[in-house]
Structures are given as C-alpha cells and as structure tokens.
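J.: Mind folding the following:
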Amino acid sequence: MAATPLAVIAAGSDSDMPHLETLKKELAKFKIDSEIRICSAHKQPGRLESVIAEYSKSDRPIMLVGCAGGTDALSGTASYLAKFPVVSCPPDKELNKTCLTNPPGSSNAFIMKPANIGKFAAQLFARHSKDIAAALGASIAEKIIKLEQADAKLTEKSGEGTPSTGPTPGDVAADAQPLVVIAAGSDSDMPHLESLKKELAKFKIDSEIRICSAHKQPARLQAVIAEYNKSTRPVMMVGCAGGTDALSGTASYLATFPVVSCPPDKELNNTCLTNPPGSSNAFIMKPANVGKFAAQVFARQSKDVDAALDAAIAEKITKLEQADEQLTKKARTA
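T.: Residues are numbered from 1 along each chain as shown. Sure thing, here's the model as predicted:
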C-alpha cells in the first residue's frame, strides 16, 4: 500500500498560529494530511537540523512549508538539508523578498497565498493518492464551470459541454523516469532555458524545452498541459516567461503536476508572486536552485536522482568543514 503524503508546516514561532492553521485548512481541502512543527532556525538550529533529518528518513512523500518572517532562515536552512521539497509561505502580510534571493543550494520555492500552497501540494502529491488527485481535479473544474456558467448567462447560451470533473493525472509506471518540462513563451530566452537544462542534468534529471506563449498561443498552451497531465512519467514544469509570466499562472491552474516559475528576467520580477488562488505556481529565482528543487521532488522516484541529491548536499558541507579545519590549524600554529 502506498504511503500517505504529508505536508509539514514548520514555523519559527507559535505566534504565527493563525497563519499555520490557515495553511492546515487549505491542505485539508485537497485531502492532504499535515502537521505543525515549531523550530526556529535562529534559536534552535540543531533542533531544526534534527527535524529535517527525521522527515528525510520518512517513508511518506513529504513537502515542508516554511513559515518564518523576516529573513526566513528556516526555509533556507531546511531546503539546503532536506531530501524533500521545501516551499516558503511567510506569515508577513506584505511581500517579503529576502528568501527569494537565496544562494545556490538553499532551494526553497516561494508561494505567497496559503490557498495556492494547498493546490501546489496537491499537484505534487496527486500521483501518490487517488483521493488527492480527485480533489485536485474537482478544484480545477470548479472555477472553470462557474466562469462558463456566468458567460452562458450573460450571452443567454447554454452551458452544455462544460466538464463536470477536472483532469486526472496519468498512472505513473513503477520504472518511469522523472521529467522536467522547461516551458517558455519565446525562443529568445534560449540561454536561460539551456542553463536550466544543465542544472537539471547535474541531478540526472531528464528535461525537454517547449515553446508555447500564453498570450499568443493560449489554446496550444492548454493542449500542452493536457498532454503532460496524461503522462505516465512523474512531471514538473518550469515556466520561463518574462513580464507578467502568464505562462506559469495559466499552466499552474490547469496542471495536475507542480509548476515552478523561473523567469529569464535578470531583476526580480514580482508579478507572478501575487497570483490569484488557483494559479499555484511556486517561484525560484536561480536556475541552480530549480535543479535542486526538482531533485528533491523526484528523489523518491529515482535512485540516480537521490544519489545526486545526497552528493550535492554533502559537497558544500564538506568544503566548509575543510575550510574551517585549515583556518583553525593556522590559528593554533601561529
């Protein structure tokens, strides 16, 4: 029997309990189990490391939601050490950009609205649970049905043909290799797309680049999403469109798999961070962190990806320990 997915809501303080309870409610809408943990990265760094190690050994599919204000050191620390994906959803009412510019290795994604955390988690776990998949399909269909009914009322046309259920994810074969779809609105951003492909390859993850503009080819984009919804491979999409990034917003509404936005803009682009509920794409600024986040998503489904992730986590820690050892030797012999 497949292990039931779990979302861990991790906070640096219980003073943010209303935000944590909201996240728990949004996850429950998609039939996702969750538990709240309190461990501050600043005040309890050792405890945070042990909590991450505990969940990294779990046989359940895990996603951690980091809920810390200010610099959000919790999400940055957790995402460096974790064997599962970490998504930051700070309790701050205003947009907090500090965790968006993490160095390579601290690979937490960012989602501003708790409602979109629930849906993103459902997209992550849909291929692990039929109940979650069904709740996700219903959620996707619900708003579309309301929009078509509203349009039919205004135009005095029948709403016949409107689907009563949303898309369902394809059944993943036991030996299926993970796939990341790098979707862009234009081939003018090819250097950025190729950089993402190289970062994914470091973790032994297959990827393919697709060009489909949300503004110029909306029907084609919808068809591409439907194609990957039926895939028998575990899928994640990286949306790479500048400006408003309508591509990621549209894709994440319709997809049964997780969508992460990594725009080609050199400066931080805030527009895709404030999507309405339902457009659930997460945001990661650096291609290197997209690669690691994808490895954390797929580590359970591929031994090669898992081994590459272990090596990446250990590499920098080993270098830091060696550097510290050299410095202390110099200081003691001086």
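
J.: quick one: pLDDT of Arg210?
T.: Here, the pLDDT recorded for Arg210 equals 96.

J.: That one should be in a helix, yeah?
T.: No - assessed with DSSP: H, G, I helix; E, B strand; the rest coil, Arg210 is strand; it does not lie in a helix.

J.: how close does Glu54 get to Leu81?
T.: From Glu54 over to Leu81 the distance is 11 Å, taken as CB to CB, to the nearest Å. Every C-beta, even on glycine, is put in place using the N, C-alpha and C of the backbone.

J.: er, Ala152 actually
T.: 52 Å.

J.: cool, and Val181?
T.: Here the criterion is CB to CB. By it, Val181 lies 27 Å from Leu81.

J.: ok, now Lys24?
T.: For Lys24 relative to Leu81 (CB to CB), the value is 24 Å.

J.: picking that back up, more neighbours: which of Ala152 and Leu81?
T.: Ranked by neighbour count (other CB atoms under 10 Å), Ala152 and Leu81 place Leu81 first, with 17 against 14.

J.: Which residues are in contact with that one?
T.: 49, 52-53, 56, 313 (CB atoms under 8 Å, 6 or more residues apart in numbering).

J.: redo that, cut-off 7 Å
T.: Applying CB atoms under 7 Å, 6 or more residues apart in numbering, we find Leu81 in contact with 49, 52, 313.

J.: On the pLDDT front, check it for me.
T.: In this model, Leu81 carries a pLDDT of 97.

J.: buried stuff in the helix ranked longest in the chain?
T.: For the chain, the helix that runs over the most residues, judged by DSSP state H, is helix 303-333. By 16 or more other CB atoms under 10 Å, the buried positions in helix 303-333 come out as 305-306, 308-309, 312-313.

J.: The stretch 1-150 of the chain: strands as residue ranges?
T.: 6-11, 33-38, 62-67, 86-88, 109-110 (DSSP state E, counting those that start in this stretch).

J.: Show me what the last one is packed up against.
T.: Going back to what we said before, that points to strand 109-110. Packing partners of strand 109-110 (3 or more CB pairs under 7 Å, 6 or more residues apart in numbering; DSSP states H and E): strand 86-88, strand 282-283.

J.: Can you tell me what sits against the shortest one?
T.: Where contact means CB under 7 Å, 6+ apart, the residues beyond strand 282-283 that reach it are 87, 100, 109-111, 120, 260-261, 272-273.

J.: tell me the least confident of the residues you listed?
T.: Cys272 (70).

J.: In three-state terms, how would Ser207 be classified?
T.: strand.

J.: Can you list the low-confidence ranges for the stretch 151-300 of the chain?
T.: In the predicted model, the stretch 151-300 of the chain carries pLDDT under 70 at residues 157-166, 170, 269.

J.: For the closest residue to Glu26 other than its chain neighbours, which residues are in contact?
T.: Leaving aside its sequence neighbours, Glu26 sits nearest to Gly118 (CB to CB, 6 or more residues apart in numbering; 3.4 Å). By CB under 7 Å, 6+ apart, the residues touching Gly118 are 26-27, 29-30.
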